[in-house]
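>>> sequence and predicted structure, then a few things I'm wondering about:
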Amino acid sequence: MIWTFYIDELEIEEPIGFSDLVIRVKRDSVWHGVFFEATTSELQFYGAASDYLQAKKTGEGFSADVTFKAYTDCGGEDEDLFHGKLDFRQYKEKCGNDGCLVIMPVEQTGCIMTLRNRYDQKVDLSEQLAFNKTTILQNYDGLNFEMELAAQELEVSNRAETGIDDITTNIKDDPNFTPNNFDDFNGYISPAYDNIIKSSFGVFGTSSTIIITEDGANNIPPYPDFPTNIGTAILLRDIKCELSNVLCTFRHKGVINIQQSGVGAQQTLRLKLFRLPAGLDGTVFSNWVEEFTDTFYQLNFDGDVLFDISEIIPLSLSEGDFIYYGVNLLANDLSQITSFNYTQSKESFFELKAASICPPTDATVSLIHETASRVTEAITDMCLKVKSDYYGRTDSQPYAAAEDGCGSLRVLTNGLRLRIAENPVHFLSLKEIFDSLNAIDNIGMGIEGDNLRIEPVEYFYQDVEIIKHLSIPKSDFSLDAEDAYSIIKVGYKKWETESLNGLDEFNSNKEFRTSLKSINKTLDVTSGFVAGGYPIENTRQQSFADTGAADTKYDNETFIICVTRTVYSYEVEQGNIVDPSGFYSPATAYNWRIRPMYNLMRWWKSIAQSYNNLINSASKLFFTSGTGNLTASGILSPYDSCGVDAKNKAENSDLTRLDMLTGEDPIWKPEIVNYSYPMSLRDYNIIKAAPLGYITFQCGSGDTMKGYIENLNYRVAKGSADITLKLKW
């Protein structure tokens, strides 16, 4: 071969060590893309090349950017065999009477090297300049735009419980219960609760003389004409949302013991529930609406009487309403009562529950394709842009897809933007984007020209033959345990909320296991994005605060939201579940499309290759544990071309091959083959042009097999290659 060498545009002599050059073709174990790099230890430059490199070192130091290129004459045309960057971090000089040698290794070309070096550096999505602070980044319509976020319906509730022990009150000795005269008394006993669960709305008040207000201050005295003792009261506070399906549920159980000094007196106890609608004059007791009355004890003699009443009462409530709950005592001669003990059982409770749907809000969001490209462009100084059919849309930028991809209709935002904080910024690194999306979609990434290609993992293992290697004289086969797992963790790292609804969240994290007994390896594909509808809703509702949005623990977390197209924009995808069960309000649920069970289905093709027989009863992914909602089930709306489920599967179900649609079979086998084979420059260029396909190979005169490139070391001067393939499924 006739070689020509350059550093930048300067033609140079063949550097010492080039004859030992090995071009390595290697598949990245995380990204799955195939990359080309030189693996020679060092090249030694002399003469004009040495002078040029010394000048670069003196003038630019570590910032020097020099490209080494090697061309060969192929049929009268120079062909670019290899080019890479000289690594000034490992610059060395050797000088003597005959001049100086400059010694440096060659590393990957500038774009991929820069991408790897800045892979985990965060980018402000609103920034208009690349990292070099001179390159202007293109504005994309899919970046930083306003979108309306619909509400996820919440179950709001308050509950008061008696506690762990029965509570006995001596009513006769209670000074608040003693009237000025003992005739024809109408008073109230406050139910005894010592365990108040303050939850989504309202505040319980258990004092006998006050109603606890929104801020907790005791600033509402008893109403003048209200019965002597007030019972348990609730003020509905900060209800900015519409309440429906309000239910008051209680159980009132206990014992009443009354001792009398005479006969003829009659006492009647009634359980009463009142409501004072917001805006009405509470000083007039007739304004209080009686929602429930039950006479549970009527007595004209001494003794113990048991009572046990359970009721579910539908109510109509709105912000500012008062709820009053108490035991009413009517006595025609209270003076004859010598002892009155009221014991409330520990099984007693009082609870309000309602469905709450809040107004929609606007938030600044960014579509995935544009977000990934913006971050890539920023960290590579516009050397690379993202291209994806899976995350691309018919109108995505900088590249449009032929149709909306199955991962394209999703937006990203953060807590600051969700709660409409002042000057919200959103920072993301390419590593965060890839790792978090990979956990959801099982994707890969590689370089194609000036593009960073991001697609589902199967794209990087294409069903296309590259070349044939026949009659291989010697080969070594071995099982590859790197792709065999005993435990699989899926779902989302962060999902908790501080409300009772949190336990209903299905976009939490789950754990499964295989039936492999000889393997002890964990695959953790839990996403760093927040997909939970309840964290989204709770963070979004901070924008309703009267005094400005409150900080949340999710302020700087990235949220992912599945959307659908509208005529002019996008809206949250909701109501796309058929036969739902096991969770609250399926019609308003967020992100069913990317729930953990579906993410696991998308990962099946990269896990199940360890099973020889996919239909065997042991060839399952067995559910072992999880957090949040484990029973949520349903099928993605029918005729969805992006769906993966063939059956209705709950989050805590085991997973088999028959539970999924076609197209989820494994891609490779957990087996590799190593061999050496002659390789011409023509053969190398064939592989270089289509490295994602498979090589058909034959050991001796045996059957042909197929394998994907894991590693290929091309020894240019020797015309041979050492090859490692992963067997095709």
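Good, I have the coordinates.

>>> buried ones in the host helix or strand of residue 248?
Assessed by DSSP states H and E, residue 248 sits inside strand 242-260. Buried residues in strand 242-260, counted by 16 or more other CB atoms under 10 Å: 243, 246, 248, 250-256, 258, 260. For every residue, glycine as well, the C-beta is placed using N, CA and C.

>>> closest one to residue 462 out of those, please.
Nearest to residue 462 among these: residue 243, at 55.0 Å, using CB to CB.

>>> could you pull up phi and psi at residue 393?
phi -130, psi 170 (degrees, to the nearest 10).

>>> for the helix or strand containing residue 687, name the packing helices and strands.
Using DSSP H and E, the element containing residue 687 is helix 681-689. Under the contact definition 3 or more CB pairs under 8 Å, 6 or more residues apart in numbering; DSSP states H and E, helix 681-689 sits against strand 22-27, strand 77-86, strand 465-472, strand 704-715.

>>> pLDDT-wise, what's the bottom of the buried residues of strand 242-260?
Least confident entry in the buried residues of strand 242-260, by pLDDT: residue 260, with 75.

>>> surely that residue and residue 336 touch.
Yes - using CB atoms under 8 Å, residue 260 is in contact with residue 336, at 4.9 Å.

>>> ok, the buried residues of strand 242-260 vs residue 638, which is closest?
Once CB to CB is applied, the member of the buried residues of strand 242-260 that ends up nearest residue 638 is residue 243, at 33.2 Å.

>>> my read: residue 455 touches residue 444, true?
Yes - with contacts counted by CB under 8 Å, residue 455 reaches residue 444, the gap being 6.4 Å.

>>> list the buried residues in stretch 104-124.
104-115, 118, 122-123.

>>> what does stretch 651-669 give?
Under 16+ other CB under 10 Å, the buried positions of stretch 651-669 are 651-653, 655-657, 659-660, 664, 666-669.

>>> can you get me the start-to-end distance on it?
28 Å (CA to CA, to the nearest Å).

>>> now stretch 316-330
Comparing the first residue of stretch 316-330 with its last one, the separation is 28 Å (CA to CA).

>>> quick one, helices of this protein?
With DSSP state H applied, the chain shows helices at 48-60, 110-117, 368-379, 415-418, 430-441, 533-540, 596-603, 681-689, listed in chain order.

>>> can you tell me which of those has the worst average pLDDT?
Comparing mean pLDDT over those, the weakest stretch is helix 110-117, at a mean of 87.

>>> could the C-alpha coordinates of stretch 466-474 be exported in CSV?
The C-alpha coordinates for stretch 466-474 follow below in CSV (Å, rounded to 0.1, in the frame of the first residue of the first chain):
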residue,chain,number,x,y,z
ILE,A,466,-22.3,-7.3,6.5
ILE,A,467,-19.8,-9.9,5.3
LYS,A,468,-19.0,-13.6,5.4
HIS,A,469,-16.0,-15.2,7.1
LEU,A,470,-16.0,-18.8,5.9
SER,A,471,-13.8,-21.8,6.8
ILE,A,472,-12.3,-20.3,9.9
PRO,A,473,-9.4,-22.6,10.9
LYS,A,474,-9.8,-22.0,14.7
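
>>> outside of that stretch, which residues touch it?
By CB atoms under 8 Å, 6 or more residues apart in numbering, the residues outside stretch 466-474 that reach it are 675-677, 683, 686-687, 690-691, 693-701, 704, 723.

>>> so in the chain, where's the weakest helix or strand by average pLDDT?
Least confident element among the helices and strands of the chain, by mean pLDDT, DSSP states H and E: strand 203-205 (a mean of 45).

>>> skipping its backbone neighbours, what lies nearest residue 189 in space?
residue 327 (4.0 Å; CB to CB, 6 or more residues apart in numbering).

>>> alpha carbons only: can I get stretch 381-401 in CSV?
Provided in CSV are the C-alpha atoms of stretch 381-401 (Å, rounded to 0.1, in the frame of the first residue of the first chain):
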residue,chain,number,x,y,z
ASP,A,381,-19.9,23.0,20.3
MET,A,382,-22.3,22.1,17.4
CYS,A,383,-20.1,19.2,16.2
LEU,A,384,-23.0,16.8,16.7
LYS,A,385,-26.8,16.9,16.6
VAL,A,386,-29.3,14.3,17.6
LYS,A,387,-31.2,12.3,15.1
SER,A,388,-33.8,9.8,16.2
ASP,A,389,-36.8,8.1,14.5
TYR,A,390,-38.0,6.8,17.9
TYR,A,391,-38.0,10.2,19.7
GLY,A,392,-38.4,12.2,16.5
ARG,A,393,-41.7,13.6,15.1
THR,A,394,-42.9,14.7,11.7
ASP,A,395,-42.0,18.3,12.8
SER,A,396,-39.1,17.6,15.2
GLN,A,397,-35.9,19.6,15.0
PRO,A,398,-33.2,19.6,13.9
TYR,A,399,-34.3,16.4,12.0
ALA,A,400,-37.9,15.4,11.2
ALA,A,401,-39.0,11.8,11.2
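
>>> pLDDT of it, averaged?
In this model, stretch 381-401 has a mean pLDDT of 97.

>>> what's the answer for stretch 279-290, then?
For stretch 279-290, mean pLDDT is 76.

>>> try stretch 96-105
The average of the pLDDT scores along stretch 96-105 is 90.

>>> so what are the domain limits for this structure?
Per the record, the chain has its domains at 3-108, 154-357, 361-441+485-647, 466-479+667-728, by automatic domain parsing.

>>> weakest of these by average pLDDT?
Among the domains of the chain, domain 154-357 scores lowest, with a mean of 70.

>>> give me the distance between the two termini of that one.
Taking CA to CA, domain 154-357 runs 7 Å from one end to the other.

>>> now do stretch 372-392
Stretch 372-392: ends 11 Å apart by CA to CA.

>>> distance from the chain centre to it, please.
Taking CA atoms, centre = their mean, to the nearest Å, one finds stretch 372-392 lying 22 Å from the centre of the chain it belongs to.

>>> ditto for stretch 65-75
Stretch 65-75 has its average C-alpha position 46 Å from the chain's average C-alpha position, going by CA atoms, centre = their mean.

>>> what number of residues lie near residue 677?
Each residue near residue 677 was counted by other CB atoms under 10 Å, and the total is 19.

>>> just list whatever residues bridge to it.
Taking DSSP bridges as the rule, residue 677 bridges to residue 721.

>>> and it, what does it touch?
Residue 677 neighbours (CB under 8 Å, 6+ apart): 469, 472, 720-721, 723.

>>> pretty sure residue 273 sits against residue 252.
No - under the criterion of CB under 8 Å, residue 273 makes no contact with residue 252, lying 10.6 Å away.

>>> now do the shared contacts for the two.
Joint contacts of residue 273 and residue 252 (CB under 8 Å, 6+ apart) do not exist.

>>> okay, the residue lying closest to residue 653 once chain neighbours are set aside and residue 81: tell me how far apart.
Closest residue to residue 653 apart from its sequence neighbours, by CB to CB, 6+ apart: residue 623 at 6.3 Å. Look at residue 623 and residue 81: by CB to CB, to the nearest Å, they are 52 Å apart.

>>> and stretch 161-174, how far out from the chain's middle?
Worked out by CA atoms, centre = their mean, stretch 161-174 lies 47 Å from the chain centre.

>>> residue 12 and residue 1, how far apart?
Taken as CB to CB, the span from residue 12 to residue 1 is 17 Å.

>>> cool, residue 587 as well?
According to CB to CB, residue 587 stands 69 Å off from residue 1.
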